[in-house]
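# A predicted structure for the sequence below; I have some questions about it.
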Amino acid sequence: MTGVPYLVPARAHRVEQEIKRSRFITTLGRAATVEEASAVVRAVGEEFADATHHCWAYVVGSPGSTGRIGMSDHGEPYGTAGRPMLNVLLHSRVGDVVAVVTRYYGGTKLGIGGLVRAYSRGVQQALTSLPIIERVEWATIRVTVDYARVSAVQQILGTFNAEVAAQEFDAGARYDLRVPAGRLDAFLAAVLDATRGQARVEIPAPGGASPEGA
């Protein structure tokens with residue numbers, strides 16, 4: 001299992017600016033799937049149902065990845081909103097992110113260049129103040145040891161930022177653990193070394209790793 005941590009939005013975030021009497025409201029949200037990105041776009045559209053435009057872009061995955069991206073000008077001239085927004089997201093240090101820029105038209109046309117600047121600037125400003133956290137992919141494993149080796153295993157947990165999901169003490173000590181997936185191999189090697197190969201390790205079938213849901 002591999003999993004490289006990266007930064008994601010900690011929560012929904014919003015900034016607002018006014019340009020030539022047009023009101024631009026930029027909303028950023030976390031989207032680990034295309035469906036989640038679509039849900040954010042839909043929710044913002046419902047919240048500001050009377051707005052002139054709801055332009056959007058998203059990057060699902062690690063920062064800069066292009067495997068799952070999307071964008072829309074939503075009635076603005078082609079290429080003036082969605083693409084500039086997406087470019088800003090792709091060059092940011094944040095992944096799993098969706099941006100929606102809601103516009104209330106103020107009566108003055110901004111022109112092609114003005115629109116590009118307005119939509120990209122809104123996303124840039126929102127990213128600057130966006131609360132972020134690190135997304136960690138976890139691997140779930142079970143470690144069973146005899147009581148003589150419990151302290152050795154407990155010392156290793158802190159070193160690898162492993163979390164105890166459940167524990168049971170019977171003939172021996174059994175721990176159900178969550179370990180950062182990117183450090184799983186090193187963690188297992190450390191456990192076997194500390195217990196002189198006496199620890200019993202069980203790893204669930206693929207699919208046992210789950211992302212942090214903060």
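Sure, I can see it. Predicted model only: the values in this text are computed from it and were never measured. Residues are numbered from 1 along each chain as shown.
# Tally up the residues packed near the closest residue in space to Arg21 that isn't next to it in sequence, please.
Computed as CB to CB, 6 or more residues apart in numbering, the closest residue to Arg21 that is not its neighbour in sequence is Gly106, at 2.8 Å. (Glycine included, C-beta is placed from N, CA and C.) Residue neighbour count, defined by other CB atoms under 10 Å, stands at 15 for Gly106.
# how close does Gly106 sit to Val164?
From Gly106 across to Val164, the span is 56 Å (CB to CB, to the nearest Å).
# returning to what we had before: got a list of what the residue nearest to Arg21 touches?
Each residue near Gly106 by CB atoms under 8 Å, 6 or more residues apart in numbering is listed here: Glu18, Lys20, Arg21, Ser22, Arg23.
# The same query, at a cut-off of 7 Å, please.
With contact set as CB atoms under 7 Å, 6 or more residues apart in numbering, Gly106 has these partners: Lys20, Arg21, Ser22, Arg23.
# That one in helix, strand or coil?
Three-state assignment for Gly106 (DSSP: H, G, I helix; E, B strand; the rest coil): coil.
# cool, and Gly113?
Three-state call for Gly113 (three-state DSSP): helix.
# Which secondary structure state is assigned to the spatially most distant residue from the centre of the chain?
The outermost residue of the chain relative to its centre, with distances by CA atoms, centre = their mean, is Ala171 at 41.1 Å. Of the three states, Ala171 takes coil under three-state DSSP.
# swap in Gln125?
Applying three-state DSSP: Gln125 is helix.
# By neighbours, which of the contacts of Gly106 wins?
Neighbour tally across these (other CB under 10 Å): the maximum, 20 neighbours, falls on Ser22.
# How about that residue, nearest residue that isn't a chain neighbour?
In space, and not counting its chain neighbours, Ser22 is closest to Gly106: 3.9 Å by CB to CB, 6+ apart.
# Likewise for Leu157?
Nearest to Leu157 is Val164, by CB to CB, 6+ apart, at 6.9 Å.
# Run a quick neighbour tally on the one you found.
12.
# State the helix or strand in which it lies.
strand 163-169 (DSSP states H and E).
# That strand - which strands sit beside it in the sheet, and in what orientation?
Strand pairing for strand 163-169, determined by DSSP bridges: strand 173-180 (antiparallel).
# Show me the shaky parts of this structure.
Scanning the chain with the threshold set as pLDDT under 70 gives 1-3, 205-214.
# what's the domain layout of it?
Domain segmentation of the chain under automatic domain parsing yields 6-134, 136-211.
# Deepest-packed of these, please.
domain 6-134 (a mean of 18; mean count of other CB atoms under 10 Å).
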